[in-house]
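Engineer: Below: sequence and its predicted model.
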Protein chains: 2
Amino acid sequence: MAGDDTQAQERRSAETYGKLVTATVNAVFEHGYAGATMTVIAQTAGVTRGAIQHHFGDRRVDIIARVTEHILRERQEAYASFYGASPAEGETVDTRAAMKAAYRDPATWFLIEVWIASKSDPELRDRVNTTLREVNDRGDMDIATHLSRLSDADFRVLKYFFRSLTRGIALEYSRKPDTALFDAVVDMALDALEGLNGAVPKA
Amino acid sequence: MAGDDTQAQERRSAETYGKLVTATVNAVFEHGYAGATMTVIAQTAGVTRGAIQHHFGDRRVDIIARVTEHILRERQEAYASFYGASPAEGETVDTRAAMKAAYRDPATWFLIEVWIASKSDPELRDRVNTTLREVNDRGDMDIATHLSRLSDADFRVLKYFFRSLTRGIALEYSRKPDTALFDAVVDMALDALEGLNGAVPKA
DNA sequence: CCCTATACATACATTCATGAATGTATCTTA
DNA sequence: TAAGATACATTCATGAATGTATGTATAGGG
């Protein structure tokens, strides 16, 4: 019906925006950060560079930074509902499954590439940091609430252990896509942590 | 004395070669893989692109691949002497110190960048794989001999856990250079592993 | 029915890395 | 000491990505 099309333009715009976000992630996943040129991203999304310019801005760092922001916020929300959902019954949170899903996620790979690129790109670095600070502050609250009831281990250390391991596995997995192997690595690591202090729930 | 200079040219050549190797590592460490152009590498080494061409070949992938090979062999040797040295007294091997040193090493960073770049560069990938297969086969023998006497855990899983964690920490460290934090992460991880099966020697 | 903003497409100038060719100086050996 | 090999420098053409500017069609309000 045409009745639903009252906001046709707005919907079309949102659709293109979404296509560009996923195209950016996929382009970086496939071609690497340097290979994910504006033309490649546009082609992956099935639009032209003009669309990128319209939605994100003139420069390449604009779309990268804003897509990064998009992904980070998305994760933050998933994160919050994951750890914040049932605070009283933390034992049911499946950390293992989450980690196993994360290391294969193209979005994880995208963040790794951006992370690395931002190391030698001051502007990207600043823009990512701004988002990161905001998102991390909220995420820290969530995970802290959750983990503080589960472990005596230092919270920060535990957090960075998880992040490092997940990203490291993603790195290895990218060139050796052996799911069974890396799932086993996750299990071994979390098994070991359980023994430490009862720090991590079994599943 | 001039007597030592009979091989002057050879020595000069070796010196330039060495400068180019370290310059390549440093350039990638500072400017990232994409930013480490042949011009940048040459400037870092204090020579011209002609020198690169002479020592490594016309194309960029030539110097990257051969420097990678250089680093991998160097590590393989260190690795072999580290784990192969005193096979009867494995307990004295300081895995913690090795890991703490590795995550800050620019060469580790270089390998990470090459690892990632080779994901979407078939030629680089092939050339690295060739070296890797050879080096890994030997390295596996060494570490297997060492670890098989220390752990009931699956050897491959343990090996990839170490690699993943080290690289993951290197990744985090690259943007948050907090040595105390990541040393603590290493310690926590190895503490946890100790509890697993007596898998890893304390130090 | 017009008119302006939105949403996107197309065109172009600039910059820059690459690959390849060629030039030059120093060493080495006979 | 002449010849050629080695080590490195310089130059150049090409292609590709970027940033920017301009063009066009459609939507929705007045």
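Structural biologist: Happy to help now that I have it. Fair warning: this is a prediction, and the values are worked out from it, not measured in the lab. Residues are numbered from 1 along each chain as shown, chains lettered A, B, ... in the order given.
Engineer: Which residue is the nearest non-sequential neighbour of A:A34?
Structural biologist: Of all residues not flanking A:A34 in the chain, B:A34 sits nearest, at 4.0 Å (CB to CB, 6 or more residues apart in numbering or on different chains). Where you see a C-beta, it was placed from the backbone N, CA and C, and this is true even at glycine.
Engineer: so what's the one you found up against?
Structural biologist: A:Y33, A:A34, A:A117 (CB atoms under 8 Å, 6 or more residues apart in numbering or on different chains).
Engineer: per-domain residue ranges of chain A.
Structural biologist: Following automatic domain parsing, one gets these domains for chain A: A:10-58, A:60-203.
Engineer: Any idea which of these has the lowest pLDDT on average?
Structural biologist: With a mean of 83, domain A:60-203 has the lowest mean pLDDT of the domains of chain A.
Engineer: burial of A:D58, as a residue count?
Structural biologist: 10 (other CB atoms under 10 Å in any protein chain shown).
Engineer: which residues touch it?
Structural biologist: A:D58 makes no contacts at all, as judged by CB under 8 Å, 6+ apart.
Engineer: That one: what secondary structure?
Structural biologist: At A:D58 the chain is in coil, as set by DSSP: H, G, I helix; E, B strand; the rest coil.
Engineer: That one and A:G46: what is the separation?
Structural biologist: Distance of A:D58 to A:G46, given as CB to CB, to the nearest Å: 21 Å.
Engineer: cool, and A:E69?
Structural biologist: Counting by CB to CB, the gap from A:E69 to A:G46 is 23 Å.
Engineer: who has more neighbours, those two?
Structural biologist: A:E69 (17 against 11).
Engineer: buried sites along the helix or strand that one falls within?
Structural biologist: For A:E69, the enclosing helix or strand under DSSP states H and E is helix A:60-84. Across helix A:60-84, burial judged by 16 or more other CB atoms under 10 Å in any protein chain shown covers A:61-72, A:75-76, A:79, A:82-83.
Engineer: can you check stretch A:109-122 too?
Structural biologist: Quick answer for stretch A:109-122 (16+ other CB under 10 Å): A:109-121.
Engineer: For the residue in chain A that DNA strand C sits nearest to, which three-state class applies?
Structural biologist: Going by CB to the nearest atom of the strand, DNA strand C is nearest to A:G50 of chain A, at 1.7 Å. Following three-state DSSP, the label given to A:G50 is helix.
Engineer: Which SSE is immediately downstream of the longest helix along chain A?
Structural biologist: In chain A, with assignment by DSSP state H, the single longest helix is helix A:8-35. Note on helix A:8-35: by DSSP H and E, the next helix or strand toward the C-terminus is helix A:38-45.
Engineer: Which elements pack onto that next one?
Structural biologist: helix A:8-35, helix A:49-56, helix A:60-84 (3 or more CB pairs under 8 Å, 6 or more residues apart in numbering or on different chains; DSSP states H and E).
Engineer: Close to DNA strand C: what parts of chain A are there?
Structural biologist: Residues of chain A lying close to DNA strand C by CB under 7 Å from any atom of the strand are A:9-10, A:12-13, A:15-17, A:42, A:47-51, A:53-55.
Engineer: Please, a ChimeraX command that selects the buried ones among those residues?
Structural biologist: Selection of buried members from those for ChimeraX, criterion 16+ other CB under 10 Å:
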select /A:16,17,42,47,51,55
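Engineer: out of the residues of chain A next to DNA strand C, what pair is the most spread apart?
Structural biologist: Within these, two members stand farthest from each other by CB to CB: A:E10 and A:R49, at 22.2 Å.
Engineer: what about A:A23, distance to A:T16?
Structural biologist: A:A23 is 10 Å from A:T16, by CB to CB.
Engineer: what do those two both touch?
Structural biologist: Overlap of the contact sets of A:A23 and A:T16 (by CB under 8 Å, 6+ apart) consists of A:A45.
Engineer: hmm, back to that, want to throw the domains of chain A into JSON lines with distance to B:V186?
Structural biologist: As requested, the domains of chain A are exported to JSON lines (distance: least, CB to CB, whole Å):
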{"stretch": "domain A:10-58", "distance to B:V186": "28"}
{"stretch": "domain A:60-203", "distance to B:V186": "9"}
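Engineer: show me what contacts A:N26?
Structural biologist: A:T44, A:P106.
Engineer: can you do 6 Å?
Structural biologist: Counting by CB atoms under 6 Å, 6 or more residues apart in numbering or on different chains, A:N26 touches A:T44.
Engineer: Mind telling me which residue of chain A is nearest chain B?
Structural biologist: A:G168 (2.6 Å; CB to the nearest CB).
Engineer: Now that residue. Nearest residue, chain neighbours left out?
Structural biologist: Nearest non-adjacent residue to A:G168, counting by CB to CB, 6+ apart: B:G168, 2.6 Å away.
Engineer: List the buried residues of the helix or strand that contains the one you found.
Structural biologist: In the assignment (DSSP H and E), B:G168 maps to helix B:155-175. Neighbour counts over helix B:155-175 (16+ other CB under 10 Å) mark B:157-174 as buried.
Engineer: Could you tell me the angle between that helix and helix A:155-175?
Structural biologist: Put simply, helix B:155-175 runs at 110 degrees to helix A:155-175, going by axes from the mean of the first three to the mean of the last three CA atoms, to 10 degrees.
Engineer: Okay, angle between helix B:155-175 and helix B:8-35 too, please.
Structural biologist: 80 degrees.
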